[in-house]
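J.: need a 3D model of the following:
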Amino acid sequence: MRNEFYGDRRDLWKWTVALREAGPGRKILHVAMLHSTPKRPRQMPRDIDERVWRFFTQEWECLDAESSRCSRIGQLSDGIRLISQPFDNKHRSEYFGCVVAALSSRSREERYVVLIDPDTGIAGSKPTSKHVCLRDLEMVWNAMLTDDVLLIYQHNAHVEKQRWIREKKKTLAELSGSLIKDYSHSDVCYFVLHK
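T.: Numbers count the residues shown, from 1 in each chain. Predicted coordinates:
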């Protein structure tokens with residue numbers, strides 16, 4: 001996630017979905033995949049959680065003074081834990097090793113929504129720093145506990161929307177053996193896998 005995307009309209013939806021999936025019983029592990037002036041809505045879009053809207057409205061006032069905007073997300077909820085190291089495509093195994101370590105270091109009672117937040121989504125044949133790879137997702141999935149949730153951000157592909165959603169869901173189902181829910185909104189989709 002690049003800093004300039006923090007607080008944009010997709011973030012409003014992403015965090016609304018994440019809070020819904022977390023409910024009262026799960027924390028959120030935000031895997032920001034952070035890269036070293038967003039357009040902001042002037043009115044609260046329909047169906048946005050009011051807590052999310054109030055939080056980001058205040059955040060937008062502070063953004064220009066912050067060097068790492070994404071690190072502020074913990075103020076949305078006490079239940080958010082952030083993986084904020086810079087993401088580098090050449091060192092993705094080490095980066096996702098940190099995610100596995102964070103999942104392994106929690107108490108056995110804690111459950112997480114693991115929010116994977118690349119700029120674009122799941123990689124096809126040539127991953128860049130904008131993508132998460134299937135092997136990255138597999139590392140995370142294998143470290144998750146029963147009742148954890150994996151939430152993956154996916155930007156529109158350059159094909160018909162229902163087709164790419166169906167294809168990504170099939171790929172994720174093969175990886176996890178899990179039923180895949182999707183929340184599609186505008187030009188993005190959020191895939192949800194329950195362990």
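
J.: list the helices and strands the helix or strand bottoming out on mean pLDDT in the chain packs on?
T.: Within the chain, no helix or strand scores below helix 50-62, which has a mean of 83 by mean pLDDT, DSSP states H and E. Judged by 3 or more CB pairs under 8 Å, 6 or more residues apart in numbering; DSSP states H and E, helix 50-62 is in contact with helix 9-22. Quick note: C-beta positions are derived from backbone N, CA and C, even for glycine.

J.: give me the mean pLDDT for the helix it packs on.
T.: Helix 9-22 shows an average pLDDT of 92 in the prediction.

J.: now the element after that helix, going C-ward?
T.: strand 27-31 (DSSP states H and E).

J.: list the buried residues for that next one?
T.: Neighbour counts over strand 27-31 (16 or more other CB atoms under 10 Å) mark Lys27, Ile28, Leu29, His30, Val31 as buried.

J.: pLDDT weak spots in this structure?
T.: 1-7, 36-39, 62-70 (pLDDT under 70).

J.: let's have the buried residues of strand 27-31 in CSV, adding distance to Phe191.
T.: Shown next, in CSV, are the buried residues of strand 27-31 (distance: CB to CB, whole Å):
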residue, distance to Phe191
Lys27, 20
Ile28, 16
Leu29, 16
His30, 16
Val31, 14
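
J.: between those, which sits nearest His91?
T.: When the buried residues of strand 27-31 are ranked by distance to His91 (CB to CB), Val31 comes first, at 14.4 Å.

J.: check which helices and strands the longest helix seen in the chain sits against.
T.: The longest helix of the chain (DSSP state H) is helix 161-176. For helix 161-176, the packing partners by 3+ CB pairs under 8 Å, 6+ apart come out as strand 121-122, helix 134-143, strand 149-155, strand 180-185, strand 188-194.
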